[in-house]
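S.K.: test case, fold it:
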Amino acid sequence: MKVEQIYTGCLAHGAYYIESNGEAAIIDPLRETKPYTDRAAASGAKIKYILETHFHADFVSGHLDLSKQTGAEIVYGPTAEANFPILRANDRQVLPLGNVTIEVLHTPGHTMESSCFLLRDEHGNINSVFTGDTLFLGDVGRPDLAVKSDLSKEQLAGFLFDSIWNKIMPLPDHTIVYPGHGAGSACGKNMSDETVGTLGHQKETNYALQTRNKTEFVAAVLEGQTTPPQYFPKNAVMNKMGYDSFVDVLEKGLNALDPDSFEDAANRMEALIIDTRHETEFVKGFVPNSIFIGIDGNFAPWVGTLIVDLKQPILVIADSGREEEVITRLSRVGYDNAIGFLKGGIEAWKQAGKEVDTIEETNAEAFAAENKKESKNVIDVRKKSEYDAGHVEGAKMVTVDYINDYMNDLHKATEYYLYCKSGYRSVIAASILKSRGFEKLVTIAGGYEALVNTDINMERELATI
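M.R.: Residues are numbered from 1 along each chain as shown. As a prediction, this is how the structure comes out:
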């Protein structure tokens, strides 16, 4: 028996490969199928099942393409209703896989179709449980992401309590817990950096498992839950209803365009230009009106947070050789309408004599010195919790996640200095403001991490715009 976690840091997502005696199962695959088919081929195994813990909200799963390529059955829990053929497994149904078995545990709460998969080894002994978004390391799934549910989040949290205590907690302490996500995912609020643990350790340390009182559990789980990103319900619908083949999406996106064709497509199709280079390179020169979302940050979640329309035509600027990676990561969160990339990158654009825009950048020391001479208008684009923990004295909080909500409170004639934690988010915010006609923008390289090492004044009380 082999069990392998295939972890994707950008989405803080864990998919799983289980193999026994020439048969394999894939749990919660990402959009691109090659990692799973390659893994099975390397062992000479046949993929028999594609096990989905629920209709995912934070990414588009690869279940449809993988099933078409391998003939594997797509398995969901008892109440799942999909727009494509599935094996709707009963609660406690046992699925044979080689010499091992996988038992379906219906665990409604995160969503009503949510299920976990219990793996028993060749001797019938419990080995591990694949918990999806029902149980994380350090947390449990948020109960507010169900697709078109007529149940309140309080009711769903109550179902989650029952599922955990009736189906998960009775399992032996040595049971290995393989969760759907780790720290950094918006599917939970208190997830551990670890991606594999034991149930016994969770019983001791997970805050949500410390009470057997349902009312207390519901209150604890709902406390501090932030609004989910706007793309979550849209991805859940795609997973439920179906989507275009990843191969077709990739082929359309990998359309190399020379500068003239790129500019024409941007104007004719009203395409959004996303520049995925490093932030330090972006500020030095970029195509006017393009938006920075660097591929080396949490690229896909930021795209999903900031771009409202999944059908928005997208043009890509990327470092040479990374174009396929960008298109792939866009598709993971349902942005399937990339129509091409700038052949030769920003250098080709410059060589063609096209207009180039820039954003002024300063370092923390220089800013601190200038701010002492004359107080500057400072924008902190971090989250409220970060801002409350400490910020530059007088800084206005303009959380980049909700930057559109602040547009009427900012003035194009004013010079603004922007910072985040380290420099990534401030450039995102600056690029968005620049595209809206704000010209007097300066980003602070190194962000708050660099600013705290200067003698600039800090404060904790919340400043308001």
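S.K.: quick check: which element contains the closest residue in space to D121 that isn't next to it in sequence?
M.R.: Leaving aside its sequence neighbours, D121 sits nearest to N127 (CB to CB, 6 or more residues apart in numbering; 4.9 Å). To be clear about C-beta, it is placed using only N, CA and C from the backbone, and glycine gets the same treatment. Here N127 sits within strand 126-132, counting by DSSP states H and E.
S.K.: mind listing what that strand pairs with, with the direction of each?
M.R.: strand 115-120 (antiparallel), strand 176-179 (parallel) (DSSP bridges).
S.K.: and the residue nearest to D121, what is it in contact with?
M.R.: Taking CB atoms under 8 Å, 6 or more residues apart in numbering, we find N127 in contact with M1, V3, V100, L119, R120, D121, T175, I176.
S.K.: do N21 as well
M.R.: G98, N99.
S.K.: next one: it from C10, what distance?
M.R.: 34 Å (CB to CB, to the nearest Å).
S.K.: please apply the same query to P170.
M.R.: P170 is 35 Å from C10, where distance means CB to CB.
S.K.: kindly report the same for R39.
M.R.: Distance of R39 to C10, computed by CB to CB: 20 Å.
S.K.: near D380, how many other residues are there?
M.R.: Look at D380: counted by other CB atoms under 10 Å, it has 29 neighbours.
S.K.: wait, doesn't it sit right on G394?
M.R.: No: contact between D380 and G394 fails when scored by CB atoms under 8 Å: they sit 10.0 Å apart.
S.K.: just the CA trace of stretch 423-430, in CSV.
M.R.: Below are the C-alpha coordinates for stretch 423-430, written out as CSV (Å, rounded to 0.1, in the frame of the first residue of the first chain):
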residue,chain,number,x,y,z
GLY,A,423,6.2,44.5,-0.9
TYR,A,424,4.0,42.1,-2.9
ARG,A,425,0.5,43.4,-2.0
SER,A,426,1.5,47.0,-2.1
VAL,A,427,2.5,46.7,-5.7
ILE,A,428,-0.8,44.9,-6.5
ALA,A,429,-2.7,47.8,-4.9
ALA,A,430,-0.5,50.4,-6.7
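S.K.: which pLDDT value belongs to the nearest residue to I339 once chain neighbours are set aside?
M.R.: Nearest residue to I339 in three dimensions, chain neighbours excluded: P313, at 5.2 Å (CB to CB, 6+ apart). You'll see P313 listed with a pLDDT of 98.
S.K.: residues in contact with P313?
M.R.: When contacts are counted by CB under 8 Å, 6+ apart, P313 touches A265, M269, E270, A271, L272, N337, A338, I339.
S.K.: quick check: the residue located most distally from the centre of the chain vs F367, distance?
M.R.: Centroid-distance maximum for the chain: K373 at 41.6 Å, with CA atoms, centre = their mean. Distance of K373 to F367, computed by CB to CB: 11 Å.
S.K.: K396 touches R382, doesn't it?
M.R.: No: counting by CB under 8 Å, K396 does not reach R382; the two are 11.7 Å apart.
S.K.: which element is V303 on?
M.R.: Assigned by DSSP H and E, V303 belongs to helix 299-306.
S.K.: can you show me the strands along the stretch 301-450 of the chain?
M.R.: 314-317, 338-342, 360-363, 378-380, 391-392, 396-397, 416-419, 441-445 (DSSP state E, counting those that start in this stretch).
S.K.: hang on, the earlier thing: now the strand holding N127: mean pLDDT?
M.R.: Here strand 126-132 scores 98 as its mean pLDDT.
S.K.: ok, now stretch 290-307?
M.R.: Mean pLDDT, computed over stretch 290-307, is 95.
S.K.: one more: stretch 399-415?
M.R.: Taken as a whole, stretch 399-415 has an average pLDDT of 95.
S.K.: distance between the ends of it?
M.R.: One end of stretch 399-415 to the other measures 18 Å (CA to CA, to the nearest Å).
S.K.: export the strands of the stretch 301-450 of the chain as JSON lines, with columns for distance to V247.
M.R.: Below are the strands of the stretch 301-450 of the chain laid out as JSON lines (distance: least, CB to CB, whole Å):
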{"stretch": "strand 314-317", "distance to V247": "18"}
{"stretch": "strand 338-342", "distance to V247": "14"}
{"stretch": "strand 360-363", "distance to V247": "40"}
{"stretch": "strand 378-380", "distance to V247": "42"}
{"stretch": "strand 391-392", "distance to V247": "47"}
{"stretch": "strand 396-397", "distance to V247": "43"}
{"stretch": "strand 416-419", "distance to V247": "40"}
{"stretch": "strand 441-445", "distance to V247": "39"}
